[in-house]
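Colleague: the sequence and its predicted three-dimensional model are supplied below.
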Amino acid sequence: MARDSDSSDSSYSRYQPASGRQENFEESKKVMRREKNRLAAQKSRQRQTLKADTLHQESEHLEKENAALRKEIKQLNEELKYFSAVLRNHESLCSVMTSSNEEMVYPNHSFHQTLSNSPARLHL
């Protein structure tokens, strides 16, 4: 092959007109922008997944806490029924009990001062 031919000229293969270089530059920018966008979308999806997982864990924790509180409320209501029954039985048997100013007063009982000095009234 002759040295003058286009195929043997190494500078020819590297030569591109200005418009060709501009197109390559624009294409390169598009590829870079797409890659950057793809990475940003992937990162966004990871954040969404992490947030959903966190919300799910918090929801499960709150459901367990709610169940425990409901169980405690049930237990406290049972205690209230029991102590109300004990109080009713005591009232029916107690000859010392008197009533004044809508407060229950037990003068001969050790908890008399607790009831009479308490700002909150016991309503059962």
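Modeller: Noted; the coordinates are in hand. Numbers count the residues shown, from 1 in each chain.
Colleague: lowest-scoring secondary structure element of the protein by mean pLDDT?
Modeller: Counting by mean pLDDT, DSSP states H and E, the weakest-scoring helix or strand in the chain turns out to be helix 112-117, with a mean of 47.
Colleague: domains in the protein, by residue range?
Modeller: Structural domains annotated on the chain: 14-93, 95-124, as defined by automatic domain parsing.
Colleague: lowest-confidence stretch among the ones you listed?
Modeller: Averaging pLDDT over each of these singles out domain 95-124 as the lowest, with a mean of 51.
Colleague: remind me, longest helix of this structure?
Modeller: Scanning the chain for the helix with the most residues, using DSSP state H, yields helix 18-93.
Colleague: what packs against that one?
Modeller: Using 3 or more Cβ pairs under 8 Å, 6 or more residues apart in numbering; DSSP states H and E as the contact criterion, helix 18-93 has no neighbours among helices and strands. To be clear about C-beta, it is placed using only N, CA and C from the backbone, and glycine gets the same treatment.
Colleague: restrict stretch 30-37 to CA atoms and write it as CSV.
Modeller: The C-alpha atoms that make up stretch 30-37 are tabulated as CSV, following Å, rounded to 0.1, in the frame of the first residue of the first chain:
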residue,chain,number,x,y,z
LYS,A,30,-25.8,12.7,27.6
VAL,A,31,-24.2,9.4,28.7
MET,A,32,-22.7,11.0,31.8
ARG,A,33,-26.0,12.7,32.6
ARG,A,34,-27.9,9.4,32.2
GLU,A,35,-25.4,7.6,34.4
LYS,A,36,-25.6,10.3,37.1
ASN,A,37,-29.4,10.2,36.9
